[in-house]
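Engineer: Build me a model:
(chains A and B)
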Amino acid sequence: MAASLSCSSNPTFTRVTVSPRSSLSPTVPHFLKFLATTPSHPFRPLTAGSRSSSFSFAAPRASAAAADDDKSSSTSTSFHGICYVVGDNIDTDQIIPAEYLTLVPSKPEEYEKLGSYALIGLPDSYTTRFVEPNETKTKYSIVIGGYNFGCGSSREHAPVALGAAGVAAVVAESYARIFFRNSVATGEVYPLESEGRICEECKTGDTVTIELGESRLINHTTGKEYRLKPIGDAGPVIEAGGIFDYARKTGMIPTISA
Amino acid sequence: MASSTIAVTPTSFILNKKDLGFSAFSTRSGFSIVKCRRTIFKKICSVMAPQQSERKPSTTGSVKTGMTMTEKILARASEKTQLIPGENVWVNIDVLMTHDVCGPGSIGIFKKEFGENAKVWDREKIVIIPDHYIFTSDERANRNVDILRDFCMEQNIKYFYDIKDLGNFKANPDYKGVCHIALAQEGHCRPGEVLLGTDSHTCTAGAFGQFATGIGNTDAGFVLGAGKLLLKVPPTLRFVMDGEMPDYLLAKDLILQIIGEISVSGATYKSMEFVGSTVESLTMEERMTLCNMVVEAGGKNGVVPADSTTYKYLEDKTSVAYEPVYSDEQARFLSEYRFDVSKLEPLVAKPHSPDNRALARECKDVKIDRVYIGSCTGGKTEDFMAAAKVFLASGKKVKVPTFLVPATQKVWMDLYGLQVPGSGGKTCSQIFEEAGCDTPASPSCGACLGGPKDTYARMNEPMVCVSTTNRNFPGRMGHREGQIYLASPYTAAASALTGYVTDPREFLQ
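Structural biologist: Predicted coordinates for the structure are as follows:
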């Protein structure tokens, strides 16, 4: 940040070239682009006509297959619930502390248990617990955070714990790479990016709605609306339930015969 | 724009190369040429040939763009001649590593998705290293190692570094310890290759001039069955470090300086390439420290160009042919950072973030409760040698409990077998004992990441710790209110001697 760049504690540092942060950096990390022919641009303006642009390429195949998907329908996915608000650099140790990593996410009963420990590593300054003691699910279906959410370890237990606790989406200013990737690969939660610091304007317990197709978050408690960055090609993968389910749905890999 | 800010003369791609006509990749030394020639007709042949012809000016003209090391490694592994940052490519994986924390979940996904009777893509390219939660009575942790063993038996995995006798690690000749150090010591890290691991510090192996990054269970499950993975090509940040390294600095100070400069998200999605005369002078273990903490800046991978130091380290460790690659002079870097290392001072990262940089001497009033020397970052042989050097120079005893956790069995043996230079023949273990440190513990990840409650040296109380590990987020070493100061082994040892965060120059000069 500006502060850390200006008060260098060692005087010998010189930055030869200063590039705009966003010049090549993928602000919308749509790295799971499975179909090379997709022309959709991640920054397509949100005009009425492009409302469902982020899903358009997958719609012909995915929408039919997703018709029985109770989580969402491909064109008007929305999440409604109360939100839990955290700050910047929420690392994986705070999302799921290492002592719980003995739980294996692919085992159903241990998956449930991981959910009960979601965000238990937050410092005591967070006075509201994310998951109440003796509960396995949270009442907060949306987590709102600052920048670099999910930094630290590569543990897939982190998005899994959130998903298992009942979180549908995380909205943060930015994500650490592996957390974003794991969220998409598992299909556990939608890692959505906000355009500003929503975490400073929302409070834990606020009622919010996320309109995925419109890339919009509405805080009903405050009456404010916020733009989100389009989830892009990662959306259909999460909707399908992760990379394996997506790859099967779209015919990339064969379905295992039962 | 940003990517073209490096001033390079726009000469034709191949004309300014001394080894003209030999290889498209620039080579740095006679040694590497020998290596290349030895390996070129082997497995790489089919991938190399089209690249060489592609790069002749007559066929490409002057529009051919240079590539960074990372781009080249991914290009070769995806069987492409040219890649640019942002492209998504299917990459063939040379080595997949997993451990006891993420292995069982990855195996579960592999079985679920590929079938109960599915076979892994290559039993010789999978390395399984139990290292996280080993010396614990936690039943689930013990069960997870059993899951790894069963899977390795079933799949006939060639490289499984098993442990059965938890009471005495020395009774397990196969057991290694911390995966990232074991990978290097056992010869699984090779220039030009692609290594994926279910651990964020897999980037450590970038020290060998390879692409190495951490992945989750689902991606690992996919790799187990398919041997490839869809990866996005990262743009590269280049860090040029020149100047003679003062004898009170270690690579840990360099990477703390860099993370402090670019922040914990400054390299998110990006590759970090370390070059310059200082980097060239670093040993392999020090280069590993540098690359190890790339992920603490959000980086996807870190790389150090392979050179004679690399080849010498690998000499007796692997017989597998490898092919190093180097960034082209015309390669595009997102930005370049330069450091004069001779002017740096010993650093720490204050709680609770690895980018919370401060000079060690600025923190001299911070009273500490303990010191921890260990982990993939700071638990290698040279890290303990460095700590021993400080204890030796001071001749004093530590004032706070000082915990030593060698990364691997090999490191442990070095502590008891190698003589510390200038000590009159003493080993590290003797010096540590004289200084009043705890006896070196069984090699594992230990308390670096907290772990089960009975983990050795875990912070079960809200204490202040100076640690040679890599992360100081809340709760990282156990207690959520514990405070961790990340530091080099020099600074950690100096702090142990005073009971306060201490600049090692107090003892080394």
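Engineer: Just the buried residues of stretch B:351-364, please?
Structural biologist: Within stretch B:351-364, the residues that qualify as buried are B:351-363, counting by 16 or more other Cβ atoms under 10 Å in any protein chain shown. C-beta coordinates here come from the backbone N, C-alpha and C atoms, glycine included.
Engineer: now it, how far from the centre of its chain.
Structural biologist: 22 Å (Cα atoms, centre = their mean, to the nearest Å).
Engineer: any residues touching it, and which ones?
Structural biologist: Residues outside stretch B:351-364 that contact it (Cβ atoms under 8 Å, 6 or more residues apart in numbering or on different chains): A:4, A:9-10, A:89, B:256-257, B:259-264, B:266, B:293, B:296-297, B:345-350, B:470-474, B:483-487, B:491, B:494, B:500-505.
Engineer: Now do the end-to-end distance for it.
Structural biologist: Stretch B:351-364 stretches 15 Å from its first residue to its last (Cα to Cα, to the nearest Å).
Engineer: pLDDT on it, on average?
Structural biologist: In this model, stretch B:351-364 has a mean pLDDT of 98.
Engineer: likewise stretch B:202-213?
Structural biologist: The average pLDDT within stretch B:202-213 is 98.
Engineer: and the gap between the residue in the stretch 51-200 of chain B positioned nearest to chain A and residue B:200?
Structural biologist: Residue nearest to chain A within the stretch 51-200 of chain B: residue B:108 (2.7 Å; Cβ to the nearest Cβ). Going from residue B:108 to residue B:200 by Cβ to Cβ, to the nearest Å gives 20 Å.
Engineer: more neighbours, those two?
Structural biologist: Each of residue B:108 and residue B:200 has its neighbours counted (other Cβ atoms under 10 Å in any protein chain shown); residue B:200 has more, 26 against 19.
Engineer: in terms of contact, does that one touch residue A:179 like I think?
Structural biologist: No: counting by Cβ atoms under 8 Å, residue A:179 is not a contact partner of residue B:200; they are 10.0 Å apart.
Engineer: What strand or helix carries the nearest residue to residue B:231 once chain neighbours are set aside?
Structural biologist: Excluding the flanking residues, the one nearest residue B:231 by Cβ to Cβ, 6 or more residues apart in numbering or on different chains is residue B:91, at 4.8 Å. Using DSSP states H and E, residue B:91 falls within strand B:88-92.
Engineer: do the same with residue B:240
Structural biologist: Using DSSP H and E, residue B:240 sits within strand B:236-242.
Engineer: Mind exporting the C-alpha coordinates of the following helix or strand past that strand to CSV?
Structural biologist: Downstream of strand B:236-242, the next assigned helix or strand under DSSP H and E is helix B:251-262. Output in CSV follows, covering the C-alpha atoms of helix B:251-262 (Å, rounded to 0.1, in the frame of the first residue of the first chain):
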residue,chain,number,x,y,z
ALA,B,251,18.4,-14.9,2.7
LYS,B,252,15.5,-14.5,5.2
ASP,B,253,16.4,-10.8,5.6
LEU,B,254,16.2,-10.4,1.8
ILE,B,255,12.8,-12.0,1.4
LEU,B,256,11.4,-10.1,4.4
GLN,B,257,12.7,-6.9,2.8
ILE,B,258,10.9,-7.8,-0.4
ILE,B,259,7.6,-8.7,1.2
GLY,B,260,7.8,-5.6,3.3
GLU,B,261,8.2,-3.6,0.1
ILE,B,262,5.5,-5.2,-2.1
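Engineer: what are the phi and psi angles of residue A:192?
Structural biologist: phi -100, psi 150 (degrees, to the nearest 10).
Engineer: And for it, the neighbour number?
Structural biologist: By other Cβ under 10 Å, the burial measure for residue A:192, its neighbour count, is 24.
Engineer: pretty sure it contacts residue A:234?
Structural biologist: No: look at residue A:192 against residue A:234 with Cβ under 8 Å: they stay out of range, at 9.8 Å.
Engineer: How about the backbone phi and psi for the closest residue to residue B:211 other than its chain neighbours?
Structural biologist: Closest residue to residue B:211 apart from its sequence neighbours, by Cβ to Cβ, 6+ apart: residue B:73 at 4.3 Å. The phi/psi pair for residue B:73 (degrees, to the nearest 10) reads phi -60, psi -40.
Engineer: In contact with residue B:73, which residues are there?
Structural biologist: Applying Cβ under 8 Å, 6+ apart, the residues near residue B:73 are B:192, B:193, B:194, B:210, B:211, B:325.
Engineer: In stretch A:199-208, which residues are buried?
Structural biologist: Neighbour counts over stretch A:199-208 (16+ other Cβ under 10 Å) mark A:199, A:202, A:204, A:206, A:208 as buried.
Engineer: Check the secondary structure at the first one for me.
Structural biologist: To tie it back to what came earlier, the one meant is residue A:199. helix (DSSP: H, G, I helix; E, B strand; the rest coil).
Engineer: okay, now the residue lying closest to it once chain neighbours are set aside: neighbour count?
Structural biologist: Nearest residue to residue A:199 in three dimensions, chain neighbours excluded: residue A:146, at 4.7 Å (Cβ to Cβ, 6+ apart). Residue A:146 has 19 neighbours, counted by other Cβ under 10 Å.
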